[in-house]
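Enquirer: any chance you can model this:
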Amino acid sequence: MDEQLLDAMCERLVSSLSTEGNYIVREGEPVNEMLFIIRGQLESSATGGGRSGFFNSITLRPGDFCGEELLTWALMPNSTLNLPLSTRTVRAISEVEAFILQADDLQFFAHQFKRLQSKKLQHAFRYYSHQWRTWSACFIQAAWRRFKKRKMTKELMTRENCFYQRTSVDGDGNYYKMDGIEDKLLDHEGIDGT
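Expert: Numbers count the residues shown, from 1 in each chain. Got it, this is the predicted structure:
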């Protein structure tokens, strides 16, 4: 970002102080501000909308930010009045000093400064965003599970096909499994000739 945009953003930033245990935002609630941490630590956790077995928690430190859902919302050409919903619960672990950028200010910057809509800047936000990293990890895990399931299904189908190809029917309609040992047993006559 250039100096003009940074200066304009700095004019709109508001200083904030959160006490230990204070919730900044809860999962599923509207996000109305971006928070840039100066001092202290926040715990950012997600349950994936309440899915069983999913939980992700990270610690945000000075230099980190949260509320990046607003950036995606503000950069949409027809962003509505409805604020985006948080995908994470953010709580202060210790006393936190931060700068806040309100949703309407971010939307103003997105419309006034077209440079914010550059793909390079959006990729930078996504790279440093814990939310995007969590999403990408979840998508990779889901893709891996689908791949493993398809692979296992294919292997089971191949085994079943091999089994049925080795099975033959005698003249009476009886099914016999034909592998090496059973072939020898079928070809072998017993002592009494049966």
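
Enquirer: hang on, residue 97 packs against residue 14?
Expert: No - Residue 97 is beyond contact range of residue 14, at 12.0 Å (criterion: CB atoms under 8 Å). (C-beta placed from N, C-alpha, C; glycine too.)

Enquirer: so, low pLDDT: which residues of this structure?
Expert: Judged by pLDDT under 70, the chain has its weakly predicted residues at 1, 48-54, 77-81, 113-139, 163-194.

Enquirer: show me where it has strands.
Expert: Remark: strands assigned in the chain by DSSP state E are 14-18, 23-25, 33-39, 42-46, 56-60, 65-66, 89-92, 96-102, 167-169, 175-177.

Enquirer: what pairs with the shortest one, parallel or antiparallel?
Expert: If I follow you right, that is strand 65-66. Neighbouring strands of strand 65-66 in its sheet, by DSSP bridges, are strand 33-39 (antiparallel).

Enquirer: can you count the residues close to the residue lying closest to residue 30 once chain neighbours are set aside?
Expert: Nearest non-adjacent residue to residue 30, counting by CB to CB, 6 or more residues apart in numbering: residue 83, 3.9 Å away. Other residues within reach of residue 83, judged by other CB atoms under 10 Å, total 17.

Enquirer: ditto for residue 31
Expert: Residue 31: 22 surrounding residues under other CB under 10 Å.

Enquirer: residues contacting it?
Expert: By CB atoms under 8 Å, 6 or more residues apart in numbering, the contact list for residue 31 reads 25, 67, 69-70, 73, 83-86, 103.

Enquirer: swap the cut-off to 10 Å and go again
Expert: Counting by CB atoms under 10 Å, 6 or more residues apart in numbering, residue 31 makes contact with 24-25, 66-70, 73, 83-88, 90, 103.
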